[in-house]
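Q: from the sequence below, what's the structure:
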Amino acid sequence: MPSSHSSEAIDVSRISITGHLTSSIWYEAGLSDRAFTTWQGRLGYAILGPILRWAQKRSGSSDFRIVCLQRHRIIDHLLERAIEEQGVLQVVELAAGLSSRGQRFMKRYAERGLRYIEADLEGMVKRKREMLDRAGLSHPGHVVTECNILERSGAHSLAKMAKQELDPSVPTTFITEGLINYFPMSDVLSLWSQISEVLNETGVGIYLSDNMPDPGEGTGDRNSRYFRKAVRFLGWLTKGKFELHFCSAEETKDALLKAGFRGAEIYVPESFAGQLDMPLSRKPSFLRVIAASA
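A: Predicted coordinates:
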C-alpha cells in the first residue's frame with residue numbers, strides 16, 4: 001500500500017484477517033446481516049469460537065469475541081446519541097471493512113437525511129459494494145468510497161475524500177473501530193490530526209473509536225498477563241504487531257487535545273452495564289472507547 005511517509009512498509013491488508021472473524025461474531029449476535037459474513041469468517045469462528053469461550057470462562061477476562069461486541073455496541077450507542085441529540089447527519093467510518101453499521105443506520109435514519117460514508121482500501125470498497133448490491137441493501141445515501149488513511153495528500157487521502165464527499169456545514173461523526181491498535185503511535189497521531197482538521201470545519205464534530213491501552217509492564221496480576229497473551233495471539237493472527245497505546249485516560253485525552261480536538265471522554269464497558277445488550281466479563285475489561293469533540 002503506497003504511503004508518503006515511514007508507514008509505507010505496513011501491510012494493512014492483514015487487518016482483514018480479524019475482520020473476517022468479527023463479521024461472524026457480529027452476525028451471531030444479531031448485529032449484522034449474513035450478507036456481510038464470509039466463508040473464511042464462518043470457518044474461523046467455528047474453530048476459534050469454542051476456544052475463546054473456554055479461555056474466557058477459565059480466566060474471567062474479556063476475550064476477542066466479548067471485546068468485539070462491547071466496542072460495537074458502545075460505538076453504536078454513542079452514534080445514536082450524536083444523531084438524536086446533536087443533529088449529526090454525516091457519518092464517515094474509516095476502514096469499515098465488513099461492518100454492517102452503515103446499512104443498519106441508513107435503514108433507521110435515512111428519513112432524517114443521514115448520509116453514511118464508508119471509506120476503505122480499493123479491494124474492500126469493491127467487495128463491499130458487491131455485497132450491498134447482491135443483498136439488495138444499497139441506498140443512495142450510503143456511499144462506499146476509496147481512502148488510504150496513511151496518505152496525507154493525493155487522490156485517495158482523507159482530506160481529498162472529505163472534500164469530495166462531505167458538506168462542511170453539516171454536523172459530522174468520524175468512526176474508527178478495530179483500527180488504531182494495528183498502527184504505531186506516529187500513525188495514530190497523524191490520523192487524529194487529519195480527522196480533527198476535517199471535523200473542526202463543521203458546527204458539530206465528533207470522533208468515536210475504540211482503543212486497547214497498555215496496562216504497563218509492572219502490572220503482574222493474572223488479568224494483565226492474560227491480556228498480554230491475548231495481544232500476542234492477535235499479533236500472530238494478523239501476521240503483524242498489535243500495538244498498545246497510552247497507559248491512562250489522561251494520557252489519551254492529552255494526545256487527542258494535541259491532535260486538535262477540544263475535548264474527549266474515555267468510556268469503559270462496565271459503565272454501560274444494564275444499559276446496553278452486551279456481554280461483560282467477571283474481570284474489568286481493558287477496552288476503552290473514545291468520544292472526542294472538535
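
Q: any low-confidence regions in the stretch 101-250 of the chain?
A: When residues are selected by pLDDT under 70, those of the stretch 101-250 of the chain lie in 216-240.

Q: give me that answer again for 50
A: In the predicted model of the stretch 101-250 of the chain, residues 217-219 satisfy pLDDT under 50.

Q: what segments of it are helices?
A: Remark: helices assigned in the stretch 101-250 of the chain by DSSP state H, counting those that start in this stretch are 101-109, 122-134, 158-165, 185-199, 222-237, 249-258.

Q: and the residue nearest the centre of this structure?
A: Nearest to the mean C-alpha position of the chain, by C-alpha atoms, centre = their mean, lies residue 177 at 0.3 Å.

Q: quick check: it vs residue 97, distance?
A: Relative to residue 97, residue 177 is positioned 9 Å away (C-beta to C-beta, to the nearest Å). Heads up, the C-betas are built off the backbone N, CA and C, glycines and all.

Q: ok, back up a step: isn't the residue nearest to the centre of the chain up against residue 75?
A: Yes. Shown here, residue 177 and residue 75 form a contact pair, counting by C-beta atoms under 8 Å, at 5.8 Å.

Q: shared neighbours, the two?
A: Counting by C-beta atoms under 8 Å, 6 or more residues apart in numbering, the common neighbours of residue 177 and residue 75 are 208, 209, 210.

Q: of the helices of the stretch 101-250 of the chain, which is nearest residue 45?
A: Nearest to residue 45 among the helices of the stretch 101-250 of the chain is helix 222-237; the distance by C-beta to C-beta comes to 12.4 Å.

Q: just checking, residue 291 touches residue 78?
A: Yes. Residue 291 lies in contact with residue 78 (C-beta under 8 Å); the separation is 5.4 Å.

Q: overlap in contacts of the two?
A: Residues touching both residue 291 and residue 78 (C-beta under 8 Å, 6+ apart) are 206, 208, 267.

Q: the second one: what's it in contact with?
A: By that I understand residue 208. 75, 78, 79, 82, 173, 174, 175, 176, 177, 289, 290, 291.

Q: what do you get for the first one?
A: Taking C-beta under 8 Å, 6+ apart, we find residue 206 in contact with 78, 82, 86, 88, 171-174, 199, 291-294.

Q: buried ones among those residues?
A: For the contacts of residue 206, a neighbour count by 16 or more other C-beta atoms under 10 Å gives the buried set as 78, 82, 88, 171, 172, 173, 174, 199, 291, 292, 293, 294.

Q: could you check how far the nearest residue to residue 112 once chain neighbours are set aside is from residue 171?
A: Spatial nearest neighbour of residue 112, excluding adjacent residues (C-beta to C-beta, 6 or more residues apart in numbering): residue 89 at 6.6 Å. Plainly put, residue 89 is 6 Å away from residue 171 if you go by C-beta to C-beta.

Q: cool, residue 149 as well?
A: In this structure, residue 149 and residue 171 are 22 Å apart, going by C-beta to C-beta.

Q: same question for residue 87.
A: Distance of residue 87 to residue 171, computed by C-beta to C-beta: 5 Å.

Q: state the number of residues packed around the residue lying closest to residue 113 once chain neighbours are set aside.
A: Leaving out its chain neighbours, the residue that sits closest to residue 113 by C-beta to C-beta, 6+ apart is residue 89, at 5.4 Å. Other residues lying near residue 89 total 20 when counted by other C-beta atoms under 10 Å.
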